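Trainee: based on what follows, work out the 3D shape:
(2 chains)
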Amino acid sequence: MVAMDFDFPPPEVETRILTEIYDIEPALADRLVRLAAVMRRLEAPGLSDVASTRTLVATGKLVNEGLSARDAGVAAMASALSDDPEVIQGLTGLVEEYLGG
Amino acid sequence: MAETPAQAGLEKAREDWRQILSFKTDEKKGNRQSGLEFLASGMAGRQILISVLENAEPSYTDGHRVFLDPSLSPQQRSIVVVTHAALIAADSLDSRLVRAISLRPAVAARFMAMELPRAIALRAYALPPALLEKLPLPPNHSASASASLAIARDLRNNVVATESWLGVLRPRRMLKHSDTVNTNATAGQLKSFKVNQLDEHDEDEDLDTSGAKVMKLFSSPLGKANWLTDMLQQILGMGRGGASENDDDGSAGGAHSGGSANQVSGADIDITDNALQVSHLDENLLLLPRQTQWQYPEWHEGKGRYLPDWVNVNELEALPDASAALEPCGVSMHTLAQQLFRVGVEFENHRRQPTGTDIDIDALVDHLVDRAGGHTHEENIYCNSQRTRRDLSAMMLVDVSRSTGDKLSGGKTIFGQQIHAARLISRALSHFGDRVAVYAFHSWGRGITRLLRIKGFDEAEGALIEKRFTGLKPSGLTRLGAAIRHASFRLLQEKYHTHRLLMIFTDGFAYDDEYEGRHAESDVAKALLEARQQGIACVCISIGSERDDETLERIFGSSTYLHCRHVGDLPGRLRRLINTALRNVEKSARVA
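Mentor: Below is the predicted model of the structure:
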């Protein structure tokens, strides 16, 4: 039997995944990775899934399709990770802190 | 360039998205506040709340909440929140360090100036770049918090001060907070009455003296407090009146038996008139039952029989409270989840498999019979051993009696640690799709045993459940037998799951009015036996106390009793405990 421990890639590697494989703007990739770092340490109730690299990719792709960074973040990172209205509200605020403006 | 239909479709989809998302922009203000709380909590790795101060004064934190100067701009607010959360995350506000800078505001300011660059550097990878640019960091360097303290203390060292709007450290607020967390809820809430007798509160007082103080307070601020005093005496079991009346009414039985329950529900109506005030006194009172919901027997060892309908049990919803925070315990849900993932996961022999290591004789015979009869089935004739996870209904029963509020070394309380552990386990198990319920329990004699529902089996995890966890306060005593019987009743209502688990968190052995020693011990043992005979696996967990509780260990059995000094010890030991309990029950079921 084999067991392997997986963790999230370190920030530099994760940024490279976003920029080099998925053509996400380096500045946006940087913000996404920072946002993910905070979300992964966040223990909010009702936040059943943590922000995976895949979540970041989805957000970046939405931006590449023309959505603003804030709206993409709300769609793919805030609303996608919870069903709880209060948690979504908090996550939306957090997303705005990193991706808004 | 002419637009292709595909491009037009894409543009349409984008427009739809903008509309769908725009409603969230309207709520921007609420988002900001809770966004800041999420930012702070994510930075610090534990829950941090945010409040805006009423008057313009420097921002500060008490270690659980960041208080913001209302005159700051929105961006400055974000920066201040990040600053203080980073200090919490970097352990700069460890109580040992904070003690060293208390009463010396100049040293506190220098310490903050020394620590800030270090704390921010630790979290720089997660900071929003826009804030990072605007954050004025003094060019001070130190390797650790204690090094910072040493430099700050020696006034000969030159320390560049932080910008004043970043706020200040207020050591006494931090110490005060860590000292008063959950120690005596009543005292904390009474302050809102501006009653000063209780300002400096003795942490070591026992139930009786705290009761006496409550009495004293009741008589002064509310002139017509007689009925309240009477009622409290009943509830707190003070004075002869309440207890003896209980005895006299003992045999009454019926749907609405105990004398005390009657009186209390009468008073309840009065309370609701004054709801606003009384909820500050003790919200528990508001929850008192209007009538008894369940009655359970109690085992009497001496008489060798059950005392029928002996204990009144009520089930109530725990009051949510968003303003409080859970005591930190240093374990993340994900660590626990990694361990619990394998709870109930075992090799099981699966029969009638299409492939496998062994032939399933029954299936083979069936197959041959079918074939001889002209039917052709798939050849599912093998046995295979596979790892599978069983369905599980788990109930957590948390003792929130008064004694759990006692302080442990390090300022934590058994109460806080138990609650936190229950919350983590509940979330971890729910995460895997198990059905989980969490109840807190306490009692005031056999007339009132209450189970507070924090999370019912059918309720989803979420902010409401979290608020019910944080709203709990320790009070009352422990009539464990009745609590176990009611929890079993609830677990047995879980028809669709075959594996049932009852986890009891308690600080020590059961104690209630006329419920102690041999009697309590034999009743709990009996209640556990009943539960196990009904196929419920039972485990008991004590967290925080200095040593094993011999009585608990004797009653639960050493393999299903777990004692942890810290919540941090749980992840490594919990899985084995639960698996053992599940297996024991299964074995005894097979024997029966």
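Trainee: quick one, helices of chain A?
Mentor: Ranges of helices in chain A, per DSSP state H, are A:11-16, A:26-41, A:53-64, A:69-73, A:85-99.
Trainee: the second one to helix A:85-99, inter-axis angle?
Mentor: Orientation check (axes from the mean of the first three to the mean of the last three CA atoms, to 10 degrees): helix A:26-41 against helix A:85-99 gives 140 degrees.
Trainee: residues touching helix A:26-41, excluding its own?
Mentor: A:8, A:11, A:14-15, A:18-19, A:24, A:50-51, A:53, A:55-56, A:59-60, A:63, A:69, A:73, A:77, A:81, A:91, A:94-95, A:98-99, B:38-39, B:41-45, B:125-129 (CB atoms under 8 Å, 6 or more residues apart in numbering or on different chains). (Glycine included, C-beta is placed from N, CA and C.)
Trainee: one more time with 7 Å
Mentor: By CB atoms under 7 Å, 6 or more residues apart in numbering or on different chains, the surrounding residues in contact with helix A:26-41 are A:8, A:11, A:14-15, A:18-19, A:50-51, A:56, A:59-60, A:63, A:69, A:94-95, A:98-99, B:39, B:42-43, B:45, B:125-129.
Trainee: of these, select the buried ones using a ChimeraX command.
Mentor: Of the contacts of helix A:26-41, the buried ones go into a single ChimeraX selection, burial set by 16 or more other CB atoms under 10 Å in any protein chain shown:
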select /A:11,14,15,18,19,50,51,56,59,60,63,69,94,95,98,99 /B:39,42,43,45,126,127,128
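Trainee: tell me the residues of chain A that contact chain B?
Mentor: Contacts of chain A with chain B, taken as CB under 7 Å from any CB of the partner chain, map to A:11, A:30-31, A:34, A:37-39, A:41-46, A:48, A:66-67, A:71, A:74-75, A:84, A:86-87, A:89-94, A:96-98.
Trainee: show the buried residues in those.
Mentor: A:11, A:30-31, A:34, A:37-39, A:41-46, A:48, A:67, A:71, A:74-75, A:84, A:86-87, A:89-94, A:96-98.
Trainee: in the stretch 1-150 of chain B, which residue sits nearest chain A?
Mentor: In the stretch 1-150 of chain B, no residue comes nearer to chain A than B:Gly35, which is 1.6 Å away by CB to the nearest CB.
Trainee: tell me which element that residue falls in.
Mentor: helix B:28-44 (DSSP states H and E).
Trainee: angle of that helix against helix A:85-99?
Mentor: Going by the same axes, to 10 degrees, helix B:28-44 makes 80 degrees with helix A:85-99.
Trainee: for helix B:28-44, packing partners?
Mentor: The contact analysis (3 or more CB pairs under 7 Å, 6 or more residues apart in numbering or on different chains; DSSP states H and E) places helix B:28-44 against helix A:26-41, helix A:85-99, strand B:49-52, helix B:74-89.
Trainee: what about the helices in the stretch 401-550 of chain B?
Mentor: B:414-431, B:463-471, B:480-492, B:517-533, B:550-556 (DSSP state H, counting those that start in this stretch).
Trainee: and B:Ile88, which of these is closest to it?
Mentor: Of all the helices of the stretch 401-550 of chain B, helix B:414-431 sits nearest to B:Ile88, with 16.9 Å by CB to CB.
Trainee: middle-most residue in chain B, spatially?
Mentor: B:Ile419 (3.0 Å; CA atoms, centre = their mean).
Trainee: isn't it up against B:Pro328?
Mentor: No. Using CB atoms under 7 Å, B:Ile419 is not in contact with B:Pro328; the gap is 11.9 Å.
Trainee: quick check: longest strand in chain B by residues?
Mentor: For chain B, the longest strand by residue count, based on DSSP state E, is strand B:305-317.
Trainee: quick one: average confidence on whichever helix or strand comes after it?
Mentor: Next along the chain after strand B:305-317, taking DSSP H and E as the criterion, comes helix B:333-340. Mean per-residue pLDDT for helix B:333-340: 76.
Trainee: for helix B:333-340, which outside residues touch it?
Mentor: Identification of contacts with helix B:333-340 by CB under 7 Å, 6+ apart yields A:43, B:424-425, B:427-429, B:431, B:570-571, B:574-575.
Trainee: that older thread, which residues touch the residue of the stretch 1-150 of chain B closest to chain A?
Mentor: B:Gly35 makes contact with A:90, A:92-94, A:96-97, according to CB under 7 Å, 6+ apart.
Trainee: could those be laid out in a markdown table, adding pLDDT and distance to B:Ala483?
Mentor: Conversion of the contacts of B:Gly35 to a markdown table gives the following (pLDDT from 0 to 100; distance: CB to CB, whole Å):
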| residue | pLDDT | distance to B:Ala483 |
| --- | --- | --- |
| A:Gly90 | 88 | 34 |
| A:Thr92 | 90 | 40 |
| A:Gly93 | 89 | 40 |
| A:Leu94 | 90 | 39 |
| A:Glu96 | 90 | 45 |
| A:Glu97 | 89 | 44 |
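Trainee: so what strands line up beside the helix or strand containing B:Ala394?
Mentor: Assigned by DSSP H and E, B:Ala394 belongs to strand B:392-399. According to DSSP bridges, strand B:392-399 has the following sheet partners: strand B:435-444 (parallel), strand B:499-505 (parallel).
Trainee: what distance separates that strand from the centre of its chain?
Mentor: Computed by CA atoms, centre = their mean, to the nearest Å, the chain-centroid distance of strand B:392-399 equals 12 Å.
Trainee: contacts for it, please.
Mentor: With contact meaning CB under 7 Å, 6+ apart, strand B:392-399 is reached by B:344, B:418-419, B:422, B:425-426, B:429, B:434-441, B:457, B:478, B:483, B:487, B:490-491, B:494, B:497, B:499-507.
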